[in-house]
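**Student:** Need a 3D model of the following:
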Amino acid sequence: MKRKKEPPPPATLAKTPTGIQGLDEITEGGLPSGRPTLICGGAGCGKTLLALEFLARGAIEFREPGVCMMFEESAAELTANLRSLGFDLDKLVKQKKIVLDYVYLERSEFEETGEYNLDGLFIRLQHAIDALGAKRVVLDTIEALFAGLPNHAVLRAELRRLFRWLKDRGVTAVVTGERGDSTLTRYGLEEYVADCVIVLDHRVEAQISTRRLRVLKYRGTTHGMNEYPFIIAAHGLSVLPITSLRLDHEVSTQRISTGIARLDEMLGGKGVYRGSSVLVSGSPGTGKSSIAARFAEAACQRGERALLFAYEESAPQIMRNMRSIGIDLETWVKKGLLQIHSARPTLQGLEQHLVTMHDLVSTFRPAFVAVDPISNLTFEVEEAEVKSTLMRLIDFLKQRQVTAIFTSLTSEGATAREDSQVGVSSLMDVWLLLRNNEINGEHNRTLYVLKARGMSHSNQVREFVLSDKGIDLLDVCLLEDRVLTGSARAAQEAHSAASRDLRAQNHQRRLRQLASKRRAVEAEIARLQAEVDVEEEETKLAIQHELLQDRNAQKNSASMAALRGGPNGKSHPRPRQ
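**Tutor:** Numbers count the residues shown, from 1 in each chain. All right, here's what the predicted structure looks like:
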């Protein structure tokens, strides 16, 4: 029995990159090659600009000529519109990289017949494709092409025929369409015959407008299916793939200085890891912005680029204020190593701020980013949404190995429970907590490291001092169960110094007494030693005198004996009586 041959695996769907930042990541490579893509949405959502940028970037970045057939705006109008995004269509047309073909359609001249077809359009489009060898085609917009046809049967047939014709030519086509009342498009059919459907949305919430993009369908491949915010900026569209980021970023073992020597000591003597996220939280006036500015200045001093997002002060105001504590940001701005982006949180929606950050980081490529403060972004926004947005930003920065510092406002005097107000402390690698301590009618700042992942760190509280010489951390003064700062610390230190002086004086007095006693003892010992020496000398003389007397006595005895023995020294017998 013959074994049934297994069918070959399906070929991987080829994709054409759009060149639009973020969109290629969402679609995992771009739009389906050789197939039509439908871009639909309401007025003002950016359909035409997205389609034309796809066409322009194809000609500039990927050497793929393109054809744009317009039914509503003229070539001059489209050229002027796209120039605002930094693309010169006139130049591309002169270089024969793009063909702009405006087809004028007057609805009053339409007459419905049973023989209506798009053959004329196909001939015109085919000629433009052949003239350039075009790989990309844009049709803007499809409603204008069929606006005068009330016969839906003919309309549906021609729509299907149009999409089939584009497929047969093997061009990657983008067709724009207006959104219907209850359907994605006005006729409700385009989304079914297109291989890829991208829905654009322009909504206004709390008087703040936000544009969003969603890939509704993409035949033959996986893709991101959530809504993604995007902005239309001076260099084109920028889409942030907010949910496609995964926890797969690499980590660095390199440690970098915070710019504050005593803070580096508190963090194991080496500072923070490169690419880590640092949260500095505290009540108003504790010095959060000053720490963020010092971090940025330290990065610039290392020759790295730094980007500061400020939501409370303008750039000139920040530079002036930081100059008062010895931090010169203006120099680094002039050298091009530092950019300060200042904006009110109400300027745009939360996710629009996120897209702006994403866009500036991708363009400027900094090694350090500061966001001051993140708590201001919570204006009329749910905490869950803020946390989700910041999570996307943190993951994005970690993927790029960008060291980031975020400042956050906390409630004044919150001691029972540490809180970062926006609930992102669990996302941070290092958490520095600043506080105002009121004692003796003074407000004094303190700092301590609440957590520092992957490194040893101090558990001690330090007094945080700002002066015209810069930022410094001082050892606090402990008195029983209280932490003294400011003048109380100075007074206690003076008292302690005085006590140390008294103890030192007492020690010196006691040492002098001991030395005097030692001298007295040594003098007594010397006196006794002298007495002993004298007595020893007298004893030796007495002994010598006695020995001399003994020798003299012996000599005398010998002499007497000799005299008694006669001349010859012999004794004579005594006469008898």
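**Student:** Just give the closest residue to residue 101, not the sequence neighbours.
**Tutor:** residue 69 (4.8 Å; CB to CB, 6 or more residues apart in numbering). Every C-beta, even on glycine, is put in place using the N, C-alpha and C of the backbone.
**Student:** Return the residues in contact with the one you found.
**Tutor:** Counting by CB atoms under 8 Å, 6 or more residues apart in numbering, residue 69 touches 101-103, 121, 124-125, 128, 137-140.
**Student:** Wait, a helix at it?
**Tutor:** No: Residue 69 is assigned strand when assessed by DSSP: H, G, I helix; E, B strand; the rest coil, not a helix.
**Student:** Tell me the spacing between it and residue 275.
**Tutor:** Going from residue 69 to residue 275 by CB to CB, to the nearest Å gives 47 Å.
**Student:** what does residue 231 give?
**Tutor:** Per CB to CB, residue 231 is found 26 Å from residue 275.
**Student:** Any stretches of the stretch 51-200 of the chain with poor pLDDT?
**Tutor:** For the stretch 51-200 of the chain, residues meeting the criterion pLDDT under 70 lie at 105-117, 147-152, 180-192.
**Student:** Please look at residue 175 and residue 194 and confirm they touch.
**Tutor:** Yes: contact criterion CB atoms under 8 Å: residue 175 and residue 194 qualify, at 7.0 Å.
**Student:** Now the common contact residues for these two.
**Tutor:** Contact criterion CB under 8 Å, 6+ apart; residues shared by residue 175 and residue 194: 36-38, 163.
**Student:** Residue 144: which of those is nearest?
**Tutor:** Using CB to CB, residue 38 comes nearest to residue 144 of these, at 15.0 Å.
**Student:** What about the residue lying closest to the closest one once chain neighbours are set aside, how many residues nearby?
**Tutor:** Distances taken as CB to CB, 6+ apart place residue 194 nearest to residue 38, at 3.8 Å, with adjacent residues excluded. Residue 194 has 28 neighbours, counted by other CB atoms under 10 Å.
**Student:** All the strands of the stretch 51-200 of the chain, residue numbers only.
**Tutor:** Taking DSSP state E, counting those that start in this stretch as the criterion, the stretch 51-200 of the chain contains strands spanning 66-70, 98-102, 136-140, 172-178, 196-205.
**Student:** Would you format those as JSON lines with distance to residue 475 included?
**Tutor:** Listed next are the strands of the stretch 51-200 of the chain as JSON lines, based on distance: least, CB to CB, whole Å:
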{"stretch": "strand 66-70", "distance to residue 475": "68"}
{"stretch": "strand 98-102", "distance to residue 475": "68"}
{"stretch": "strand 136-140", "distance to residue 475": "67"}
{"stretch": "strand 172-178", "distance to residue 475": "65"}
{"stretch": "strand 196-205", "distance to residue 475": "50"}
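**Student:** closest one to residue 314 among those strands?
**Tutor:** Counting by CB to CB, residue 314 lies closest to strand 196-205 out of the strands of the stretch 51-200 of the chain; the figure is 26.7 Å.
**Student:** Please name the strands paired to that closest one in the sheet, noting orientation.
**Tutor:** Applying DSSP bridges, strand 196-205 is found paired with strand 36-41 (parallel), strand 208-218 (antiparallel).
**Student:** Do me a favour and average the pLDDT over stretch 237-248.
**Tutor:** Stretch 237-248 carries an average pLDDT of 65.
**Student:** the helices in the stretch 301-450 of the chain, which residues?
**Tutor:** For the stretch 301-450 of the chain, the helices defined by DSSP state H, counting those that start in this stretch cover 315-323, 330-335, 350-364, 383-399.
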